[in-house]
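> A structural model of the following input is requested.
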Amino acid sequence: MSGGARGGRAWCWAVVLAWSALLIVSAPLAAELPGRVGDHGLSPPAGGDYDTVRHMLETQYGMPAEPVLVLLRKHGRLDEAAYAAYLREAVAALESVPGVIRVISPLERPEQRRGDYAYAAVELSPPQRAHPAVLDELRRRLPPHPDVEPAWSGAPVVQAEVNAASRRDVAVAERIGLPAALAVMWLALGGLLPALLPILVGWATVSAALAAAAWIAQDAMLSNFVLSVIPMVGLALSIDFALLLVGRYREELLRATPVAALQTTLRTAGCSVCCSALCAGGGLAAMMLIPVPMFASVAGAALLVLATSVVTCFTLLPALLVLLAPRLARAAGPRRSGGGRRLLARWLTRWTDAVMRRPVRSALLSGGVLLALLLPLLRIEVEMPDAGSLPAGHPVRAATQTMEEVFGPSGARVPLIAFAPGGAWTAADWARARRLALALSQDADVAGVDSPFALATGLGTATLETAAPQARLATYLRGGSMRIEVQLRHGAHAPEARAWVSSWARIGTASSLPVLVGGEVKREQELFDAVRAGAWHVLLAGAAANVVVLLLAFGSPALAAKTLLTSLLGMGAAFGVLTLALRYGAFGMERGPVALMIPAFVFGIVFAVSMDYGVFLVSRMCERYRASGDNDGAVREGMLATGPIITAAAAIMIAVTTPFALAEVAGVRQLGIGIAVAIFLDATLIRLMLVPALMRLLGRWNWGKGRFG
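Numbers count the residues shown, from 1 in each chain. As a prediction, this is how the structure comes out:
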């Protein structure tokens with residue numbers, strides 16, 4: 001062995017040892033991420049009406065926005081005195097838990113009692129919200145009673161259960177997905193050793209990204225969705241990138257030394273990976289244009305795992321390839337190709353020839369099917385995730401449903417804050433406030449209005465101060481502000497409810513008596529508006545970034561447009577399939593709307609992967625065209641050279657994401673199914689039919705003077 005070869009192997013061992021040390025040191029930090037993430041992060045942009053009203057209700061009116069709700073149902077044999085005594089004991093016990101700011105007792109608020117049901121609202125300090133240890137301590141300290149049945153609800157409880165379910169979902173998906181991915185790679189690469197390398201790279205990528213995210217979470221709030229996104233995206237991208245590099249390296253080993261084979265691999269497949277990563281990064285970074293914390297958090301986590309994938313594929317993987325080159329060369333020999341791979345190659349040859357002979361028919365057929373799958377999008381429905389994200393029959397979901405049945409849907413109760421223009425209530429201000437309450441009560445969309453005018457008749461402050469109980473009046477008035485609560489006839493998630501709060505927000509801004517609208521319906525309306533406005537920015541920015549990268553790589557506007565449009569068409573078709581599945585309850589999903597964040601998530605993740613496949617396929621075609629100048633031959637040879645790898649990569653992606661369809665959390669199920677369907681369509685109708693047919697029809701228009709072309 002020459003000195004240069006020994007030095008190269010020493011460098012490779014140093015890289016492997018450095019990665020081993022990094023993973024060992026970072027493992028404890030990665031394990032802390034589930035305890036450091038926050039809630040889902042679906043909060044409207046700061047400074048809006050919802051945010052202002054929520055802050056006022058919490059600080060001035062003593063009404064926490066996201067309390068833990070303890071539902072206490074008494075049985076008929078428990079008399080009122082004993083029940084009241086138990087409620088006092090329960091409230092005192094809950095108040096003693098560290099992290100509890102206060103407990104609003106049903107003995108103080110008559111509206112918190114209905115028949116045999118009562119609930120206490122526990123306000124936690126912000127750092128303790130959704131913290132499992134605090135919630136467990138609340139459950140432990142609640143005194144048991146043979147005639148009282150407790151149940152737990154509220155946003156912090158729901159979020160803690162979603163976080164726990166997400167951790168279980170990831171563990172189940174890894175137990176199913178990784179062995180399935182290994183089996184696919186074993187078949188695709190013809191050996192166990194080359195199949196293990198992408199799995200090892202994927203595991204290292206996810207572990208390092210989880211540790212980095214946990215470190216970031218010390219100072220930044222991360223959405224609990226990153227617990228699913230990092231493993232899903234990390235395994236998919238890193239395994240895909242590694243598979244492309246390993247497959248090309250084994251090809252080059254048949255005709256070159258290990259170092260020369262690695263140089264050629266990095267110059268060809270490595271450039272494809274870099275181009276794919278830039279395209280993926282453009283799509284993911286565009287998600288940050290939606291001014292909602294969840295999207296910034298998930299996009300940041302996905303970019304983090306993308307960057308980690310690139311680092312592992314260009315440091316750890318090359319070192320392993322050089323160290324294991326002799327064994328990989330033996331595994332790459334002709335005798336190890338296997339009957340299954342030869343059969344796939346023969347089928348792919350016949351299929352490609354058939355598509356190339358009939359490009360117009362192939363393009364119309366595949367394009368027609370994809371366009372037909374877009375039709376369900378005309379009736380797509382989206383909704384905010386809530387306790388319904390948990391499985392049917394889950395205790396927290398059942399408690400939330402009971403709360404809504406007994407006390408009414410809290411989301412449909414809309415708080416309004418009216419302000420005295422001068423800071424103090426004058427007779428004219430009281431008259432305007434009473435007219436406002438009357439107008440609200442006469443609104444066709446309103447079922448009821450709770451205001452200080454329900455306490456006593458009359459318009460003036462003197463009448464109210466003498467006729468109304470001061471304790472009750474104080475719940476409506478704070479200085480120059482007045483709280484009015486409206487119960488809508490519509491459901492909390494109904495489009496009509498969002499339209500109502502939007503309309504009254506405009507009226508309140510223009511009124512002589514300024515009014516701000518808040519509550520959960522207002523939160524949803526602001527979120528929907530932010531996502532709807534940001535979605536177009538995401539689409540345009542992501543498309544523009546990818547067009548620039550593709551033009552630099554291939555130098556052909558036609559090729560860049562074709563690659564971009566086919567990816568967008570595939571994603572739209574996948575949304576159509578997901579919409580149909582939710583409408584009819586297919587794939588084991590409950591019937592219902594698409595979760596609000598899923599379209600943007602699927603767009604960012606699938607766009608990254610589909611561009612990966614597209615760039616890898618077209619770059620190989622460009623290599624052949626640059627060598628021969630024959631468009632048809634380049635398309636055919638590129639299809640045959642990359643078809644098995646792209647098919648295997650797609651199968652791996654489907655194997656990694658499909659297990660998430662078994663998840664407990666509805667949003668994670670939708671994400672897994674949406675990505676799996678999108679990848680299936682991309683690897684079949686698009687890569688096997690539409691792309692080669694369009695490449696055949698475009699002819700010389702495909703090629704330019706970019707890095708590959």
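> C-alpha only now, for contacts and for neighbours.
Will do.
> Could you tell me which ranges of the protein sit under the pLDDT cut-off?
1-8, 126-131, 330-341, 409-411, 455-472, 608, 704-709 (pLDDT under 70).
> per-domain residue ranges of it.
Here the domain parsing of the chain from automatic domain parsing is 67-153, 159-331+352-383+526-702, 400-492.
> Endpoints of the shortest one, how far apart?
Looking back up the chat, that one is domain 67-153. Terminal residues of domain 67-153 lie 9 Å apart, using CA to CA, to the nearest Å.
> Equivalent analysis for the second one, please.
The separation between the terminal residues of domain 159-331+352-383+526-702, taken as CA to CA, is 50 Å.
> Stretch 135-146: end-to-end distance?
Stretch 135-146 end-to-end distance (CA to CA) = 22 Å.
> what do you get for stretch 114-134?
Start-to-end, stretch 114-134 (CA to CA) is 28 Å.
> Contacts for it, please.
With contacts defined as CA atoms under 8 Å, 6 or more residues apart in numbering, stretch 114-134 is touched by 35, 38-39, 64, 66-76, 91, 94, 97-106, 112-113, 155-157, 159-160, 406-407.
> and Trp425, which of the three is it?
Following DSSP: H, G, I helix; E, B strand; the rest coil, the label given to Trp425 is coil.
> With respect to Ala21, which of the domains of the chain lies nearest?
Closest approach to Ala21 among the domains of the chain is made by domain 159-331+352-383+526-702 (11.3 Å; CA to CA).
> Tell me where the stretch 1-150 of the chain has helices.
3-31, 33-36, 49-59, 80-95, 132-141 (DSSP state H, counting those that start in this stretch).
> Could you export the domains of the chain as a markdown table, including mean neighbour count and distance to Ser389?
Listed next are the domains of the chain as a markdown table, based on neighbours: other CA atoms under 10 Å; distance: least, CA to CA, whole Å:
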| stretch | mean neighbour count | distance to Ser389 |
| --- | --- | --- |
| domain 67-153 | 17 | 13 |
| domain 159-331+352-383+526-702 | 21 | 5 |
| domain 400-492 | 17 | 12 |
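> Can I get those in TSV including distance to Ala345?
Formatted as TSV, the domains of the chain follow (distance: least, CA to CA, whole Å):
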stretch	distance to Ala345
domain 67-153	53
domain 159-331+352-383+526-702	7
domain 400-492	55
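> Minimum distance to Glu58: which of the ones you listed has it?
domain 67-153 (9.6 Å).
> From the chain's centroid, how far away is that closest one?
What separates the centre of domain 67-153 from the centre of its chain is 33 Å, taken as CA atoms, centre = their mean, to the nearest Å.
> Equivalent analysis for stretch 477-494, please.
31 Å.
> just stretch 431-451 next, same as before
39 Å.
> circling back: minimum distance to Pro45: which of the domains of the chain has it?
Nearest of the domains of the chain (CA to CA): domain 159-331+352-383+526-702, 5.9 Å.
> And Val298, how far from Val602?
From Val298 to Val602 the distance is 11 Å (CA to CA).
> so can I have CSV of the helices of the stretch 1-150 of the chain showing distance to Gly518?
As requested, the helices of the stretch 1-150 of the chain are exported to CSV (distance: least, CA to CA, whole Å):
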stretch, distance to Gly518
helix 3-31, 38
helix 33-36, 29
helix 49-59, 4
helix 80-95, 28
helix 132-141, 27
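> can you dump the C-alpha coordinates of stretch 266-279 into CSV?
Provided in CSV are the C-alpha atoms of stretch 266-279 (Å, rounded to 0.1, in the frame of the first residue of the first chain):
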residue,chain,number,x,y,z
LEU,A,266,-18.6,12.9,-6.0
ARG,A,267,-18.2,14.7,-9.3
THR,A,268,-21.3,13.2,-10.8
ALA,A,269,-23.8,11.9,-8.2
GLY,A,270,-22.3,14.2,-5.7
CYS,A,271,-23.2,17.2,-7.8
SER,A,272,-26.7,15.8,-8.2
VAL,A,273,-27.1,15.5,-4.5
CYS,A,274,-25.9,19.1,-4.0
CYS,A,275,-28.3,20.4,-6.7
SER,A,276,-31.1,18.4,-5.1
ALA,A,277,-30.3,19.7,-1.6
LEU,A,278,-30.4,23.3,-2.9
CYS,A,279,-33.8,22.7,-4.6
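> The nearest residue to Arg358 once chain neighbours are set aside: what's it in contact with?
Take Arg358 and drop its neighbours on the chain: the residue closest to it by CA to CA, 6 or more residues apart in numbering is Ala693, 7.7 Å away. Under the criterion of CA under 8 Å, 6+ apart, the contact list for Ala693 reads 355-356, 358-360, 362-363.
> Let's see that with 7 Å instead.
Applying CA atoms under 7 Å, 6 or more residues apart in numbering to Ala693 gives the contacts 355-356, 359-360, 362-363.
> which secondary structure element contains it?
Secondary structure assigned from DSSP states H and E places Ala693 in helix 691-698.
> Let me know whether Arg489 touches Asp443 as I believe.
No. Using CA atoms under 7 Å, Arg489 is not in contact with Asp443; the gap is 10.2 Å.
> Among the contacts of stretch 114-134, which ones are in strands?
If you go by DSSP state E, the contacts of stretch 114-134 have 68-74, 100-104, 113 in strands.
> Leaving out chain neighbours, which residue sits closest to the most centrally placed residue in the chain?
Nearest to the geometric centre of the chain sits Phe601, at 5.0 Å (CA atoms, centre = their mean). Nearest non-adjacent residue to Phe601, counting by CA to CA, 6+ apart: Leu671, 7.5 Å away.
> unless I'm mixing things up, the one you found is touching Ile598, no?
Yes. With contact defined as CA under 7 Å, Leu671 reaches Ile598; the gap is 6.1 Å.
> circling back to that earlier point, please name whichever of the domains of the chain is nearest to Ala10.
domain 159-331+352-383+526-702 (9.5 Å).
> Need the phi and psi values for Leu324.
Here is the backbone geometry of Leu324 (degrees, to the nearest 10): phi -100, psi 10.
> Tell me the spacing between it and Cys12.
In terms of CA to CA, Leu324 sits 10 Å off from Cys12.
> With Ala173 instead?
For Ala173, the distance to Cys12 - CA to CA - is 32 Å.
> Leu187 too?
28 Å.
> Show the contacting residues for Pro692.
Counting by CA under 7 Å, 6+ apart, Pro692 has contacts 356, 635.
> Widest-spaced pair of the ones in strands among the contacts of stretch 114-134?
Maximum distance among those (CA to CA): 26.1 Å, for Lys74 and Ile101.
> Can you name the element that comes right after whichever helix or strand Gln263 is part of?
For Gln263, the host element (DSSP H and E) is helix 258-286. Going down the chain from helix 258-286, the next helix or strand is helix 293-314, by DSSP H and E.
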